[in-house]
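Enquirer: build me a model:
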Amino acid sequence: MLEKLSKHPSDIAKSAVEYLKTVEVSDKTKQIYIDVLSLFLESLLSDATAVIESADGEYLLSDNWDDYYGGVISNFIDWWLPRKVMGSETLQARAPGILRKWIKWSYEKDCFEKERYEDFLEALPRGKVKEINRIQKAGDLLFLLHTPNPGAWMTGDYKKIVPITQNKVPEAMKEGYMKVIRFEKNAIYLEPLEGGAVGPVMLSKQIVAVLKIGDVMNVTVGRFGKKWKVLESGNVYVDDTIF
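Expert: Numbering: from 1, shown residues only. Sure thing, here's the model as predicted:
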């Protein structure tokens with residue numbers, strides 16, 4: 001994996017390789033460090049203007065530390081990583097701390113100026129792990145809302161799975177990324193990307209207790225009479241990561 005990182009001409013990749021050589025932890029923990037930094041570089045490769053194509057057709061990161069500010073860190077933690085490693089709580093929880101240590105090491109090695117260093121750190125507040133755990137819990141509870149027996153998917157016992165739409169077809173449906181804009185007892189109102197409001201969307205006391213105004217969820221909801229229900233769901237994201 002370090003050999004793969006070293007292919008990139010970017011000084012970001014170079015600092016990642018050198019930093020990983022200094023990390024003295026167990027092999028299992030070291031792999032987590034490698035995975036986090038490799039995934040961070042992979043996220044940067046999604047910007048076509050930041051890469052060059054090698055002779056063998058491989059896309060390599062060419063942008064350097066000086067081409068980025070804190071937004072690239074928060075985008076990775078809040079948006080890109082949750083989509084990439086769905087179900088991997090360890091990587092999502094450990095990523096902020098690992099990035100903090102790497103960024104601090106890189107600053108001490110004069111990879112960038114103090115202003116940029118402070119901007120990077122501001123994108124990694126120390127309460128980030130707690131917030132990640134909250135968002136993960138919200139996503140898990142949301143999934144259980146429309147899939148009360150998720151284990152049946154694993155065992156192939158599909159007879160135990162009764163879709164919400166089996167006995168009644170929704171009168172209307174909405175899907176995509178929607179922001180939580182209001183709570184109403186055990187229900188919420190959502191704002192789709194195109195604007196407007198959808199609701200009340202019936203949830204549960206447990207989910208409402210975890211969610212916050214501004215959270216964004218990837219869902220499919222259906223209207224049954226005056227109320228909406230969640231039919232399918234993906235990740236939940238913190239405010240300002242989608243809209």
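Enquirer: low-confidence stretches in this protein?
Expert: For the chain, applying pLDDT under 70 flags the ranges 1-2, 86-89, 125-128, 148-167, 240-243.
Enquirer: would you map the strands across it?
Expert: Ranges of strands within the chain are 51-53, 59-61, 172-184, 187-192, 198-202, 216-224, 227-237, based on DSSP state E.
Enquirer: from the contact counts, what lies against the fourth one?
Expert: When you say that, I think you mean strand 187-192. Where contact means 3 or more Cβ pairs under 8 Å, 6 or more residues apart in numbering; DSSP states H and E, strand 187-192 is packed against strand 172-184, strand 198-202, strand 216-224. In short, each C-beta sits where N, CA and C put it, glycine included.
Enquirer: in JSON lines: those, plus distance to E42 and mean neighbour count.
Expert: Formatted as JSON lines, the helices and strands packed on strand 187-192 follow (distance: least, Cβ to Cβ, whole Å; neighbours: other Cβ atoms under 10 Å):
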{"stretch": "strand 172-184", "distance to E42": "22", "mean neighbour count": "16"}
{"stretch": "strand 198-202", "distance to E42": "34", "mean neighbour count": "19"}
{"stretch": "strand 216-224", "distance to E42": "21", "mean neighbour count": "21"}
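Enquirer: between the ones you listed, which one is nearest to F76?
Expert: strand 216-224 (16.4 Å; Cβ to Cβ).
Enquirer: so which other helices or strands are in contact with the closest one?
Expert: With contacts defined as 3+ Cβ pairs under 8 Å, 6+ apart, the packing partners of strand 216-224 are helix 128-146, strand 172-184, strand 187-192, strand 227-237.
Enquirer: now the spatially most central residue of the chain: closest residue in space that isn't a chain neighbour?
Expert: Nearest to the centroid of the C-alpha atoms of the chain, with distances taken as Cα atoms, centre = their mean, sits P82, at 2.4 Å. Among residues not flanking P82 along the chain, N235 sits closest, at 5.1 Å (Cβ to Cβ, 6 or more residues apart in numbering).
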